[in-house]
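Asker: I'll drop the sequence and a predicted model, then ask my questions.
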Amino acid sequence: MKTLSYFHYVWCFTSFVVAYPGMGDTMEHVRRSAKAARADSKQLIGDLKTLKDAQLTAIGKDIKAIILDQKTAISTVIDAGAPAGTPDSAACKADLCCVWKWISYDMTARFNGTSGRCTKFARGAVRLGFHDAAVWSNTTSYGGADGSILLTDEISRADNSGLATIADQMKQWYTKYNKYGVSMADLIQMGANIATVVCPLGPRIRSFVGRKDNAKAGPTGLLPGVNDSADKLIKLFQAKTIDPHDLVALVGAHTTSQQHFVDTARDGDPQDSTPGVWDVAFYGETVSTTPPRVFKFASDLALSKDSRAKSEWQAFIGGQAHWNEDYAKAYTRLSLLGVNNINDLKECTKVLPPPRTSFVNQDQKILDLWLQGQYDQLNSMVDDAIMLTGLTST
Ligand code: HEM
């Protein structure tokens, strides 16, 4: 141990002595150049492709800067006050975000588990947001974040196995709130963002509304398969304007996940040892030895090893703030695929609940036993496992 510390010290010292006066500036220059290069390689989407800067609204400018990697997509603006009135009141109707505040209350209650982790509804909402928006590519003339996953029979496609529970819940919210002008497309994307911040450590992503619904089912063959090669996945997402870096950030959502259909004999097995927590454990655990119940997707393993994705994968290990930042930007882009009125969107981020920037599983002992293969009943009860802390090891 002492020897390791010594070498660590020597390594740090060596790293330090190769520095020279002005190097900080040079490094900053390199970092800025790299960022500028990345911004150049980022593609614009929807109406932002054709509108000139002078034509952009304040929201249009912000979204453009976010998707060009020039501005953060994380917001700290919180409206802690009560809504102006009930959704059917004149006061509430006069305030665009008022109805969204009520929706946020409903969703937050559904997405927060008694354990403090986020629930299967939250995880489903994040995946639903992805599956509605990602049915789009730069060669299709329709599809994207348009609500069609729930307004048509898209949901019954094999790609969407596992989304039935959140689909039913989302349709109930749509019935309740559509009469106040809420589109399915917005409901789904707001659901994904509320779910993300309800998950402990999740980013509070800027949230825009005003997407248009589409009653036409999206094109088929545009969602990834769990057994696809890294090359196929990277090309599939590139055609959605999502580069390998952003793809690596997005699949990190599997940090919260529990699979049900990839291997039905292992229904409920998580993709890292902390399901329901928006931490970076997923990145490290995908590339290392894990407890037996952790179920790694072939697609995640393939990406973690691919030369175009590997360095970012490694960078997210232990890089919670870095990942949150990159995920928020990448998800903002994803949530706007196929949207052709980005410049007219409005912002209701303030209705999102506050983020939880630290979290400790109070029931880690029982989770550890579960991860080793005991207590199968937790497969469907991780959200509330804390209730079982009275159990003792067998
Ligand atoms: C390489 C691309 C991807 C593949 C192949 C993939 C595949 C899958 C599969 C097979 C499941 C398990 C479904 C089940 O058995 O119940 C799953 C779950 C999930 N995926 Fe992905 N996914 C990908 C990308 C993404 C992205 C980009 C997001 C979000 C931005 C996402 C979010 C989720 C979430 C939150 C779950 C958990 C759902 C739950 O616990 O019910 N995935 N994914």
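Answerer: Sure, I can see it. Residues are numbered from 1 along each chain as shown.
Asker: The stretch 51-200 of the chain against the ligand: which residues are in contact?
Answerer: Applying Cβ under 6 Å from any ligand atom, one finds that the stretch 51-200 of the chain approaches the ligand through Lys120, Arg123, Gly124, Val126, Arg127, Phe130, Gly162. (C-beta placed from N, C-alpha, C; glycine too.)
Asker: just curious, which of the residues you listed is nearest to Ala82?
Answerer: Of all those, the one with the least separation from Ala82 (Cβ to Cβ) is Val126, at 27.2 Å.
Asker: Helix, strand, or coil at the closest one?
Answerer: Applying DSSP: H, G, I helix; E, B strand; the rest coil to Val126 yields a three-state assignment of helix.
Asker: pLDDT at it, what is it?
Answerer: Reading off the confidence values, Val126 has pLDDT 98.
Asker: For Ser141, see how far away it is.
Answerer: Note on Val126: its distance to Ser141, by Cβ to Cβ, to the nearest Å, is 27 Å.
Asker: Looking at those two, which is more packed in?
Answerer: With neighbours defined as other Cβ atoms under 10 Å, Val126 and Ser141 compare such that Val126 has more, 27 against 7.
Asker: for that one, what are its contacts?
Answerer: Under the criterion of Cβ atoms under 8 Å, 6 or more residues apart in numbering, the contact list for Val126 reads Ala192, Ala195, Thr196, Ala253, Thr256.
Asker: helix/strand/coil for the second one?
Answerer: In terms of secondary structure, Ala195 is helix; the call rests on three-state DSSP.
Asker: Tell me which two in the residues of the stretch 51-200 of the chain next to the ligand are the farthest apart.
Answerer: Looking at those by Cβ to Cβ, the two members farthest from one another are Lys120 and Phe130, with 15.6 Å of separation.
Asker: ok, Thr332 touching Thr196?
Answerer: No: no contact is recorded between Thr332 and Thr196 when judged using Cβ atoms under 8 Å, the distance being 11.3 Å.
Asker: and for the two, which residues touch both?
Answerer: Taking Cβ under 8 Å, 6+ apart as the criterion, Thr332 and Thr196 both touch Ile205.
Asker: which of the two has more neighbours?
Answerer: Shown here are Thr332 and Thr196; by other Cβ under 10 Å, Thr196 has more neighbours (29 against 22).
Asker: Excluding chain neighbours, give the residue nearest to the more buried one in space.
Answerer: In this structure, Thr196 finds its nearest non-sequential neighbour in Gly202, 4.4 Å apart by Cβ to Cβ, 6 or more residues apart in numbering.
Asker: That neighbour contacts Ile194, doesn't it?
Answerer: No: Gly202 lies out of contact with Ile194 (Cβ under 8 Å); the separation is 9.8 Å.
Asker: where does the chain have low pLDDT?
Answerer: Scanning the chain with the threshold set as pLDDT under 70 gives 1-40, 388-394.
Asker: Point to the residue nearest the middle of it.
Answerer: Residue closest to the average C-alpha location in the chain (Cα atoms, centre = their mean): Ala253, at 5.1 Å.
Asker: got the contact list for that residue?
Answerer: The contact partners of Ala253, by Cβ under 8 Å, 6+ apart, come to Val126, Arg127, Phe130, Thr196, Tyr327.
Asker: Neighbours of Lys235, how many?
Answerer: Using other Cβ under 10 Å as the criterion, Lys235 is surrounded by 11 other residues.
Asker: swap that for Arg204, sorry
Answerer: Taking other Cβ under 10 Å as the neighbour definition, Arg204 ends up with a count of 24.
Asker: I'd like to know how far it sits from Gly116.
Answerer: In this structure, Arg204 lies at 17 Å from Gly116, with Cβ to Cβ as the measure.
Asker: Nothing else from me, thank you.
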